[in-house]
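> attaching a predicted model along with its sequence, questions to come.
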Amino acid sequence: MERSNRTPVMRKTKLLSKVCISLCLALTITACSNNEDMIEIQDYAQSIVNRPAGKIEAMPEFVRYETFTYSAASLRGPFDVPVDSSLAMRNQQAKEVIPDETRPKEYLEGFAIENLSMVGVLSKQGVVWALIRDETANISRVTIGNYAGRNHGRIVAVTDAQIEMMEIVPTGNGGWVERPQIISIKQ
């Protein structure tokens with residue numbers, strides 16, 4: 001009902017006021033765009049466009065990477081317990097100790113002894129099995145004759161409290177020596 005009360009003059013007046021406001025706003029925006037800052041920016045952009053093209057530098061020469069072969073893998077690690085030289089001499093005099101490199105590696109030989117822990121013992125048909133947890137939280141069972149650790153560690157005895165191993169470690173002068181290791185059960 002209110003629409004019918006509006007006269008054509010009121011509609012024209014309202015339309016005229018909207019047109020005037022729009023025209024004033026357009027003039028204000030136009031007036032602001034012709035200031036000195038805008039002229040400086042336009043001049044700078046034009047100077048960049050008008051600059052002569054530069055010369056592109058040649059691609060740098062590719063230097064071939066030289067591979068490095070690590071040859072000290074069989075030597076004693078700097079953080080390993082030093083080998084007692086008198087023990088090494090006795091072992092060398094008694095027999096020549098050499099690890100069997102042709103033997104297939106067992107799963108636990110991929111871990112350092114320090115990262116292995118004994119978590120239990122099983123006995124089945126007279127054979128005592130030790131349970132060892134590795135650094136990836138997998139549990140493996142081993143018995144006498146199995147290998148563990150990175151230094152050719154052969155298990156020689158399994159008790160309820162520990163696993164006794166005999167490792168074959170390098171002496172540093174080209175020889176090898178047997179070194180006893182123990183993995184105790186974790187409570």
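Here it is on my side, so go on. Residues are numbered from 1 along each chain as shown.
> got the domain boundaries for the protein?
Listed domain ranges for the chain are 2-50, 102-184 (source: automatic domain parsing).
> and Met166, which of the three is it?
Secondary structure for Met166, judged by DSSP: H, G, I helix; E, B strand; the rest coil, is strand.
> pull the helix or strand containing Leu122 out as CSV, backbone CA atoms only.
Element membership for Leu122, per DSSP states H and E: strand 117-124. Extracted in CSV, the C-alpha atoms of strand 117-124 (Å, rounded to 0.1, in the frame of the first residue of the first chain):
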residue,chain,number,x,y,z
SER,A,117,67.5,-55.7,25.0
MET,A,118,66.6,-59.0,26.5
VAL,A,119,62.9,-59.1,27.5
GLY,A,120,62.3,-62.7,28.4
VAL,A,121,63.1,-66.4,28.1
LEU,A,122,61.2,-69.4,26.7
SER,A,123,61.9,-73.1,26.9
LYS,A,124,60.6,-75.5,24.4
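> and that strand, what's buried?
For strand 117-124, the neighbour count (16 or more other Cβ atoms under 10 Å) marks Met118, Val121 as buried. To be clear about C-beta, it is placed using only N, CA and C from the backbone, and glycine gets the same treatment.
> what is that strand packed up against?
When contacts are defined as 3 or more Cβ pairs under 8 Å, 6 or more residues apart in numbering; DSSP states H and E, strand 117-124 packs onto strand 127-133, strand 176-184.
> where along this protein do the strands fall?
117-124, 127-133, 139-142, 147-148, 153-158, 162-170, 176-184 (DSSP state E).
> for the second one, what is the average pLDDT?
If you average the pLDDT over strand 127-133, you get 92.
> do the fourth one as well
Average pLDDT, strand 147-148: 93.
> neighbouring strands - and their directions - for it?
strand 153-158 (antiparallel) (DSSP bridges).
> which helix of this protein spans the most residues?
The residue-count maximum for a helix in the chain (DSSP state H) belongs to helix 8-33.
> quick check, central residue of this structure?
Geometric centre of the chain, nearest residue: Thr136, 15.4 Å, by Cα atoms, centre = their mean.
> next one, pLDDT for that one please.
92.
> export the helices and strands packed on strand 117-124 as a markdown table, with columns for mean neighbour count and distance to Tyr70.
Converted to a markdown table, those look like this (neighbours: other Cβ atoms under 10 Å; distance: least, Cβ to Cβ, whole Å):
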| stretch | mean neighbour count | distance to Tyr70 |
| --- | --- | --- |
| strand 127-133 | 17 | 28 |
| strand 176-184 | 17 | 20 |
